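**Student:** Okay, here's the prediction I keep looking at, along with the sequence it came from:
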Amino acid sequence: MVDNLTIHVEDTNAIVVYFFCRYDISRSFEERTVIGALGRQILRTIPDLSGLTVADKTHLSSDDVIPLLKQAAPSSSRIYIVLDGLDLCARPDRDQISTALNTFQQVWKASICISYRSEPDVTTDIPQLLNTINVPQPDNKPDIEAFIEAELDRYINSGVLVLGNPGLKHEIQDALIKGSHGKFLWVTLQIYSVCSTMTDEEVREALENLPQDLTQIYNQILERTLLPGQAYRANIFKFVLVAKRPTTIHEMREALSVTPGDTDWNPSKLLNDVYQPLKACGCLIVVDEEELTIQTVHPSVDMFILTGEFEAHNPSRYLAISMNDAHTLMLSIFIT
């Protein structure tokens, strides 16, 4: 979207700025970071900044940024602002960002696009801007119905999903269509969860208690995935989260086989089958069979792990992970 917008205005004097909150960079959720990034991008479009009066401070707050921009950019400036992930910020930061964005609209000809999740608790907290237009996601019900049927057929035909009563497939379809609200990821995870059941009764119980949000689904998947490889689970997530590129199967096998601090390499400690420990992560970790790389099934899994949602609901199955812990583990393995 940003690229298309930039091309659209390239023959004008309009300014295009953007900011995407990233789950793996906590500072990206802070109001000062968001407004500072937007301000810096605007200033970069100004040819001559020599006449600006800058506050004598080491760190500028957003309150300092707005007056600075008023000096640099005339009120006639057309500014397009694109924001994503604002719903991930804490309420106080969202409120401050909202105030700053309102100022942008009042001072300049600013058009602002904000993408956010459509859940009620999120929608009510999104900044109230001037002359807003809400564009909901197009209805994809026909697509998701076809997707559910195709996926169920695939799992049944491959023997991954075994049903005693073939008619139960239609019950699964109806429940998933009703609860999906157009979310393909939700459907994919629910089908995976249903595939782990052993009897038709368990299938019906699962359908009666379908988790409504991703956090509940992720917790359910990890609770059910109690395999011998569970001891490796935390480290697997750490390696995947800290890697700057997708980790390969070979790299994961070696990393899981190293004992930090033990400089004596024992080949007998090398995992015979790295796929067994990976199973302990359920479908939250996926393997690209062509590239033979490993990554989480969706960015929301990374946030779920880093925010401690799992151990918060399940203190007996501790899975506390921080980026600092992940970096420390990776560094200790490299040194070893």
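**Tutor:** Right, received. Where do you want to start?
**Student:** Could you pull out the helices in the stretch 101-250 of the chain for me?
**Tutor:** Here the stretch 101-250 of the chain has its helices, by DSSP state H, counting those that start in this stretch, at 120-123, 141-157, 168-180, 184-195, 200-208, 214-224, 233-242, 249-257.
**Student:** between those helices, which gets nearest to residue 263?
**Tutor:** Among the helices of the stretch 101-250 of the chain, helix 249-257 comes nearest to residue 263, with 14.0 Å by C-beta to C-beta. Using the backbone N, CA and C atoms, a C-beta is placed for each residue, glycine as well.
**Student:** Can I get the helices of the stretch 101-250 of the chain in JSON lines including distance to residue 67, mean neighbour count and mean pLDDT?
**Tutor:** As requested, those are exported to JSON lines (distance: least, C-beta to C-beta, whole Å; neighbours: other C-beta atoms under 10 Å; pLDDT from 0 to 100):
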{"stretch": "helix 120-123", "distance to residue 67": "31", "mean neighbour count": "10", "mean pLDDT": "51"}
{"stretch": "helix 141-157", "distance to residue 67": "49", "mean neighbour count": "14", "mean pLDDT": "91"}
{"stretch": "helix 168-180", "distance to residue 67": "48", "mean neighbour count": "16", "mean pLDDT": "93"}
{"stretch": "helix 184-195", "distance to residue 67": "43", "mean neighbour count": "19", "mean pLDDT": "89"}
{"stretch": "helix 200-208", "distance to residue 67": "57", "mean neighbour count": "15", "mean pLDDT": "91"}
{"stretch": "helix 214-224", "distance to residue 67": "41", "mean neighbour count": "19", "mean pLDDT": "81"}
{"stretch": "helix 233-242", "distance to residue 67": "39", "mean neighbour count": "21", "mean pLDDT": "90"}
{"stretch": "helix 249-257", "distance to residue 67": "50", "mean neighbour count": "18", "mean pLDDT": "92"}
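**Student:** Adding distance to residue 8 as columns, could you present these in a markdown table?
**Tutor:** Shown next, in a markdown table, are these (distance: least, C-beta to C-beta, whole Å):
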| stretch | distance to residue 8 |
| --- | --- |
| helix 120-123 | 28 |
| helix 141-157 | 28 |
| helix 168-180 | 34 |
| helix 184-195 | 29 |
| helix 200-208 | 47 |
| helix 214-224 | 34 |
| helix 233-242 | 36 |
| helix 249-257 | 42 |
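**Student:** And those: which comes nearest residue 94?
**Tutor:** Of all the helices of the stretch 101-250 of the chain, helix 120-123 comes closest under C-beta to C-beta, at 10.1 Å.
**Student:** just so I know, which of the helices of the stretch 101-250 of the chain lies nearest residue 280?
**Tutor:** helix 233-242 (4.5 Å).
**Student:** tell me how far that closest one is from the chain's mean position?
**Tutor:** The chain centroid and the centroid of helix 233-242 are separated by 15 Å, computed with C-alpha atoms, centre = their mean, to the nearest Å.
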